[in-house]
Structures are given as C-alpha cells and as structure tokens.
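give me the fold of what follows.
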Amino acid sequence: MLHMAGVGKALCVGSAAAVAVGGGTAAAFLGAGIGVPAAHGLAAVSLLARARTVSGRVRLRLLLLAVSVAAGGLHHLLTGQLLSGTGRSGGVLRLVVQLLTVTGITTCLALGVTGLVVAAADSGTPLIWLRRLLDSWMIAASLLTLCWVLLLHRADQGGDMFGSLEDLARVVTDILVLGLLIALHFCLKPGERTAVITAAIALVILTASDMMRILLPVPGIWGGIPLAAICSITGLFLVTATPWMPGGATAIGVDKREMPVVAVVAAFVPVVVCALVMAAHTLAGGRTDVVTVVLAGSVLLGLGARQGIAHADHLRITREAAAREAHYRTMVDGSCDVITIVSLDGRVLYVSPAARDVFGYHPQDLVGARLPLYCHPEDRAPLMQAVEILRQEAESGIRGPGRCVSCRVRASDGQWRHVESMISHHANGLIFNSRDVTERIALQAQLEHLAFHDGLTGLPNRALFSDRVTHALQKRTVATAPPAVLYVDLDGFKAVNDSAGHATGDALLFQAARRLQSSVRAADTVARLGGDEFAALLETNAGTCPSHTREVAERILSALSKPYRLGDVDAVVSASMGIAVATPGITPEQLLHHADLAMYEAKAAGKGCIRTYRPQPETIWSTTLHR
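Next up is the predicted model:
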C-alpha cells in the first residue's frame, strides 16, 4: 500500500512537471516580458480560487502567498518593461522604477515567508518553533553563501554590479522561501506532501531561472533560447497547480515530536554546502570578504544552536515520558484488573502485579509462557479464536475493535476463577485487560436459582416446572412415551400449621419435599407449586406403562403418609393425588390443569387416594386406594 501511494505521488508530481515544462517552453517563446508576469498572475488567481474553498489559517496562508506571487509578477513587469525602456542611464523614472522593483521583491519575500509561517499550527512549543526557524535560516544562508560567491566572481569579471545585485535580490527571495518550505516539509504526513514537494520543485526551478540571469553572459539567454523565462514560467505553472494537490490546503503542524532520520541528517547539509563553497572559492583565488564570513559563520552558529535546542527538547521529552511512565505504572499497579501483554505468537511479555492478588501467581513467573495460559479446556477454543482474529488483523495492518472473551482460569490454589477479558491491539502484539468475575457469576447463578426454585424446599417452582413440561412435550415423538404429571396436595397440613406454628409447618413441607424427591427417579422432576401443593413430571415409560406410573404414585403416597418427626412431636398427614397423561396436541397448561382436576376429584372421594384423568371428555376413571 505504501509503495502504491509513493508511485501515485510520483506520477502526480511528474505529470504536473511535464505539463508545466511544456507550457513554460511554449509561453516563453511568445514573449518573456509578457509571459512571466502572466504566469505570475495565473498562479495568483489559482491561489485565490483555492483560498475561497477553505477557511481559517489555511485561507490566510493561501491569500498571503497569492499576494506574494502577484508582487513578484509586478516586479518582473517593471524590470522587464519599464526599466528596460528607461535605459541604464540616470533619471528620475529609472530611480522610481528601481525603488518599485525593490519594493516588489521585499513584499514578495515578506508575504511568502509570512504565509508559510502562518501555515503552521499554533500548538507547537517554543523550542520546536525556534528549531524550525534555525533550520530555515541554515538552508537559506548556505544557498546565499553560494549566490554571494558567484556574485563576487561576476564582479571580478567586470560585470554590472548593480544589475547583479538586482538579480541577486530575486534569488534571495526564492532561497529564503525555499528554506522555510523545506523545513516545514517534515511536519506533514507522508500522504499530504505532494503539494509541498511540487512547491519545492517549483522554487528550485525559479531559483535556477534567477541564477541564469546572473551567470549567463546575456541575462537569461543561452544560444538564443530564453532559458530563464522558460524556467520562470515552468515554475509558476507548478505553483498554479500546487494548491489543488494533496496537502495544498492542509494545516501544517509543527508540534510533531518525532523527527525522521532524514530530517536530522539534513541539518548538516548546509554546513557541508558552505564548506564546499568556501573551499572552491579559495582554490579559485577569490577573496574572502565580510559578507561571506558572516553567512558561513551564521550557518555554523545555527547548527550549534540547533543542536543545543534539540538536546533541550530531548531532555524535556524524556522528563515528560518519565512522568507519563510513572503515571502509567501507578495506574497499572493500583488496578484490580490483570493487564497482560502478549506477542502475536502467543508469548506473554508482561503481566501486571494484580495477577498475584487475583490468581496467586507471581507476575515474573508468567512472563515467557504461552497461550492458552491456565485456561479451562472447554474455554480454550473461543479464546484462541478471538486471539487468531486479532493476530490476522495486526499482520494485515488493520486495527479493528477489541474482543471480549469470558473463560475460566485455574488459580494457584487449583480453583477455577471466572475471568472476563477485553483483548485489544498493542504495539507489541495484544493486550488483555482481565477482570475476575467469579463472585458476580456466583451471584448471578444464585439469583437464577432463586428465580426458578422454591426458597424453602429448594425444589423447582411453578415457572421451572412449566418449562420442564413444555420441553418434555416438545421432544415427544410417536416412538417415545408421553409424559405424565402427578399433582399432589397434603391433607391435614393446614391443621398442623395452625396448631404448631409456621416454623413447624415449614419443617413438615421440607421433609415432604425430601420424601417426594426420593420416591422418583433422577430423570424425573419434582416441584413445589405453592403452599402444600407439589407436582412430579414422569417422562420415561409413563404414558405407555400406566402400571409404572401407578407404582410411582403409590410409592409417593405411602412416603408422604408416614409420620413426620417435628421437634418433640410426631405429625401425621396424608395426600391426595391426581394423574394426567399427555395426549397429542395438549399444551403444558392443559396437562397441569387435567392433573389438578384429578387431584380435586381425589379430595372429593375422601382424600388420601389417587385419581387418574382420562382423555374422554368430562370423564374421570378412578380407583380408590384403600388404606
């Protein structure tokens, strides 16, 4: 992806440069005196049009650059038309035009530099701002040294010193703006540097144009070809396209803390340039004047100051990083959650101190282990599936949302702890934020038990019993036996409860529940429906073997009719029971209602007996169990 982005950016810049060169060549042969100012005007209009589409500091930057380009066009118009018409002799008009040209150069320089400075975000620290300015000056001073040396050689050859100074002013303008632009280049994100690179190429071409006016015998012309005009128009065409490219209307942030390696190395390039220029100037027999020494010395001083600022900024960043690290350590060490960092290959890199309190393990003993770490075998599959998804995302460069995984982890005492972990991406792999939810799971299980079980006897309540009946009816097929429901009501319980008290009554209900539960099979369901009413669900061989159902009912009735030892007294109660067998299409409510009707029929028959509900309408076939 990064390679494709780089290729796209290169194609964009290359296409713009090719078009600009072609257009510049064509426009230059039409007339350099008109073509260069017209190109300035076109660039200024492009900047103004782009400024109308944005707001804030970006608009101010584009407006200042537009005025700067327009001022440069005015300068070329004056020097190319008016000044050439006044000749090289004295005169008031020539002096006025020269003052106007100097004003145009000064305005172009001031507005261009101001526009680029305004482009930077105001959130940068003073040290970073000062470092950027020093970078700009070092680049500009090294190039100015080269220009000054060339100017001295032209003066030694008998050239027009005033004309050279005038041409040099344009070069100074280009160089200072180029220096600041290069310094700000590293502030943008890689995807937003297309416009900056194009602008830098444009300024290099414009600088070459102005240098040609100094170096070539006939200013700007070589072999009859107006090279200076071609370069000027080409560079201005690139400036025209720059604001519409990626990054052309982006706020430049100078508060970036991390500098790329090329930006660090680039700080020494101006020193090397100055050293080479001074060496070449000396070997060529040139004289060293005050300006050359000042410019070269300012580069060396700028490098020293920049290194001091970089060191001070590094110390400040180090202190801030140490403070953040201490703050992070305080939060992690004081957290009740266990924080674990795992590499993409599943190796544990870090475990927070909370692991000792939660699981009983020393954190250093867990470092180096691999996932799944002490995870319950039944929970390993979902855990490793979530880890694998995040690992694939990390390898493909995707930073998706985290995954929440619940699993059981074996503590050092051998007990299983329920853990809820949020797994997210981390710079070194994956980070687990794990919380012990064992107590919450236990409380939740307790609440669920209370919601579906009787608080006194511990048996399933009416809601759970109805659910069990529903499930039994749903799984019934033609080949399986229909389930049967036994509805039980204790006879004589109210008398015991009223005479001996509610505590004694509760004890009797508890014992009755145990007797009822021990009289059925483990696969059957016994429930307390409320008060002294109980029910039993018989699923295996219930409907197809009435004798078996009858046998279970008689066993229950016999067990419930035995005396109950309640403290110092014995209590005797009996039970009335109704039986209902499921028929095709019956609902759980109807089946329970049929058993209830049969139970009331048993009570009406004298209590202490069993009645079976027959499927015929309004018919109950009954047998009485005589005791």
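
ok, Ala369 - how many residues close by?
Applying other CB atoms under 10 Å, we find 15 other residues in the vicinity of Ala369. (Each C-beta comes from the backbone N, C-alpha and C, glycine too.)

and the pLDDT for it?
Per-residue confidence at Ala369 stands at 88 (pLDDT).

mind listing what it touches?
By CB atoms under 8 Å, 6 or more residues apart in numbering, the residues touching Ala369 are 347-348.

go again using 7 Å as the cut-off
Listed by CB atoms under 7 Å, 6 or more residues apart in numbering, the contact partners of Ala369 are Val348.

can you check Ala602 too?
The contact partners of Ala602, by CB under 7 Å, 6+ apart, come to 576-578, 609-611.

and Ala310, by the same measure?
Applying CB under 7 Å, 6+ apart to Ala310 gives the contacts Arg131.

for it, phi and psi?
Dihedral angles phi and psi of Ala310 (degrees, to the nearest 10) take the values phi -60, psi -40.

distance check, it against Val277.
Using CB to CB, to the nearest Å, we find Ala310 at a distance of 25 Å from Val277.

follow-up on the earlier one: farthest pair within the contacts of Ala602?
Across the contacts of Ala602, the longest distance by CB to CB is 10.0 Å; it joins Gly578 and Cys609.

more neighbours: those two, which one.
Neighbours were tallied for Gly578 and for Cys609 using other CB under 10 Å; the higher tally belongs to Gly578 (27 against 22).

what is the helix or strand where the more buried one lies packed up against?
Using DSSP states H and E, Gly578 maps to strand 574-581. Secondary-structure packing of strand 574-581 (3 or more CB pairs under 7 Å, 6 or more residues apart in numbering; DSSP states H and E): strand 484-491, helix 546-560, helix 588-604, strand 610-613.

neighbouring strands of that strand in the sheet, and parallel or not?
In the sheet containing strand 574-581, its partner strands are strand 484-491 (antiparallel), strand 610-613 (parallel), by DSSP bridges.

let's have these in CSV, adding distance to Ala553.
Below are the strands paired with strand 574-581 laid out as CSV (distance: least, CB to CB, whole Å):
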stretch, distance to Ala553
strand 484-491, 6
strand 610-613, 5
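
of the ones you listed, which approaches Leu47 most closely?
The minimum distance between Leu47 and the strands paired with strand 574-581 falls on strand 484-491, with 88.8 Å, by CB to CB.

quick one: Ser376 from Gln385, how far?
Just to correct that, residue 376 is His rather than Ser. With distances taken as CB to CB, His376 is found 15 Å from Gln385.

so between the two, which is more surrounded?
Neighbour totals were compared for His376 and Gln385, and His376 leads with 16 against 11 (other CB under 10 Å).

list phi and psi for that one.
With angles defined as degrees, to the nearest 10, His376 sits at phi -60, psi 140.

ok, now which ones touch it?
With contacts defined as CB under 7 Å, 6+ apart, the neighbours of His376 are 407-408, 416.

give me the buried subset of those.
Using 16 or more other CB atoms under 10 Å as the burial test, the contacts of His376 include 407-408 as buried.

what would the contacts of His376 look like in a markdown table with distance to Asn428 and pLDDT?
Formatted as a markdown table, the contacts of His376 follow (distance: CB to CB, whole Å; pLDDT from 0 to 100):
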| residue | distance to Asn428 | pLDDT |
| --- | --- | --- |
| Cys407 | 22 | 90 |
| Arg408 | 26 | 91 |
| Trp416 | 29 | 91 |
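
and the nearest residue to Gly360 once chain neighbours are set aside, what's its pLDDT?
Spatial nearest neighbour of Gly360, excluding adjacent residues (CB to CB, 6 or more residues apart in numbering): Ser412 at 3.2 Å. What the model reports as pLDDT for Ser412 is 87.

did I read that right, Ser412 in a strand?
No: counting by DSSP: H, G, I helix; E, B strand; the rest coil, Ser412 is located in no strand; its state is coil.

that one touches His362, doesn't it?
No: under the criterion of CB atoms under 7 Å, Ser412 is not in contact with His362, lying 9.2 Å apart.

ok, the strand ranked longest in the chain: who's next to it in the sheet?
Across the chain, the strand with the greatest residue count (assigned by DSSP state E) is strand 416-426. Partners of strand 416-426 in the sheet, by DSSP bridges, are strand 403-410 (antiparallel), strand 429-436 (antiparallel).

for the first one, output the C-alpha coordinates as CSV.
As requested, the backbone C-alpha atoms of strand 403-410 are provided in CSV (Å, rounded to 0.1, in the frame of the first residue of the first chain):
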residue,chain,number,x,y,z
ARG,A,403,-12.8,-8.8,21.5
CYS,A,404,-14.5,-9.6,24.8
VAL,A,405,-13.9,-13.2,25.9
SER,A,406,-15.1,-15.0,29.0
CYS,A,407,-13.2,-18.0,30.3
ARG,A,408,-12.2,-19.9,33.4
VAL,A,409,-8.6,-19.7,34.6
ARG,A,410,-7.1,-22.1,37.2
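
contacts for it?
359, 374-376, 379, 382-383, 386, 389-390, 416-423.

how about that strand: buried residues?
403, 405, 407-409.

where's Ala241, which helix or strand?
When secondary structure is defined by DSSP H and E, Ala241 falls within helix 227-241.

which other helices and strands does that helix contact?
Helices and strands touching helix 227-241, by 3+ CB pairs under 7 Å, 6+ apart, are helix 2-30, helix 32-51, helix 194-215.

comparing these by mean pLDDT, which bottoms out?
Of all the helices and strands packed on helix 227-241, the segment with the smallest mean pLDDT is helix 2-30, scoring a mean of 46.

ok, now how distant is the closest residue to Met599 other than its chain neighbours from Ala208?
In space, Met599 comes closest to Gly578 once its chain neighbours are excluded; the distance is 3.2 Å by CB to CB, 6+ apart. Plainly put, Gly578 is 109 Å away from Ala208 if you go by CB to CB.

His425 now?
Taken as CB to CB, the spacing of His425 relative to Ala208 amounts to 48 Å.

likewise for Arg468?
Here Arg468 is placed at a distance of 92 Å from Ala208 (CB to CB).

in a markdown table, list the helices and strands packed on strand 574-581 along with mean pLDDT.
Shown next, in a markdown table, are these (pLDDT from 0 to 100):
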| stretch | mean pLDDT |
| --- | --- |
| strand 484-491 | 93 |
| helix 546-560 | 86 |
| helix 588-604 | 92 |
| strand 610-613 | 91 |
